[in-house]
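Student: okay, predicted coordinates and the sequence, questions at the end:
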Amino acid sequence: DAKTTQPNSMESNEEEPVHLPCNHSTISGTDYIHWYRQLPSQGPEYVIHGLTSNVNNRMASLAIAEDRKSSTLILHRATLRDAAVYYCILRDIIQGAQKLVFGQGTRLTINP
Amino acid sequence: NAGVTQTPKFRILKIGQSMTLQCTQDMNHNYMYWYRQDPGMGLKLIYYSVGAGITDKGEVPNGYNVSRSTTEDFPLRLELAAPSQTSVYFCATQDREQLAKNIQYFGAGTRLSVL
């Protein structure tokens, strides 16, 4: 399994940008980079994904390094509702189904 | 559109009891998954299914069984509950037409304690 490395925890202030890093030095050429988040007492929810180019959606932006060995999830203006555990995940295929390999993620705390 | 519905939300079992965790989806997704999450840890795959009548083991299948008789339902069965099965269980679905995007949709989870 291709592995990812994330800081255990990060802290930021409300209405400030947040940059969540992820290292994935063993990524293969066809691996997509996915980000999910898990709010307290809820199931994980999809945030964003990308392959090579930077990506934006209504929730966040994903910046991917040119060598693809690292990426950064960017929350442009954090709110209290963004406090969650954020998971950086690489695609892992098993017989056509797509197992998501979850690490421990980064616990993001947002201060009011 | 309810998405992925899991029942019950909470359950306490005694050692050796059995139970079925229910998962139902209304998105007509072919792929379904069962994960467990132990405290402070990421999720681990228990079983998965690529369609009705087809199931296969994930990383941690011991002590569990599944069936998939319909597209909508993917129940997880614990036959002889053990304290090691105390965990939060999540069901997820995925659209076969968007496999490359690997977007999975999760239920709210079932919190199980075995005492």
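Tutor: Nice, I can see it.

Student: which residues of chain A lie near chain B?
Tutor: Chain A comes close to chain B at residues A:32, A:34, A:41-46, A:49, A:87, A:91, A:94-105, as judged by CB under 8 Å from any CB of the partner chain. Where you see a C-beta, it was placed from the backbone N, CA and C, and this is true even at glycine.

Student: narrow the residues you listed to just the buried residues.
Tutor: Taking 16 or more other CB atoms under 10 Å in any protein chain shown as the criterion, what is buried in those is A:32, A:34, A:43-44, A:46, A:49, A:87, A:91, A:97-103, A:105.

Student: in strands, which of those fall?
Tutor: Judged by DSSP state E, those include A:His34, A:Tyr46, A:His49, A:Tyr87, A:Arg91, A:Ala97, A:Gln98, A:Lys99, A:Leu100 as members of strands.

Student: turn those into CSV, including pLDDT and distance to B:Ala81.
Tutor: Formatted as CSV, these follow (pLDDT from 0 to 100; distance: CB to CB, whole Å):
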residue, pLDDT, distance to B:Ala81
A:His34, 92, 33
A:Tyr46, 93, 31
A:His49, 91, 36
A:Tyr87, 95, 28
A:Arg91, 78, 33
A:Ala97, 71, 27
A:Gln98, 73, 30
A:Lys99, 75, 25
A:Leu100, 79, 26
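
Student: for these, which one is nearest B:Thr55?
Tutor: A:Ala97 (10.5 Å; CB to CB).

Student: got the contact list for that closest one?
Tutor: B:Tyr31, B:Tyr33, B:Tyr48, B:Val50, B:Asp56, B:Gln94 (CB atoms under 8 Å, 6 or more residues apart in numbering or on different chains).
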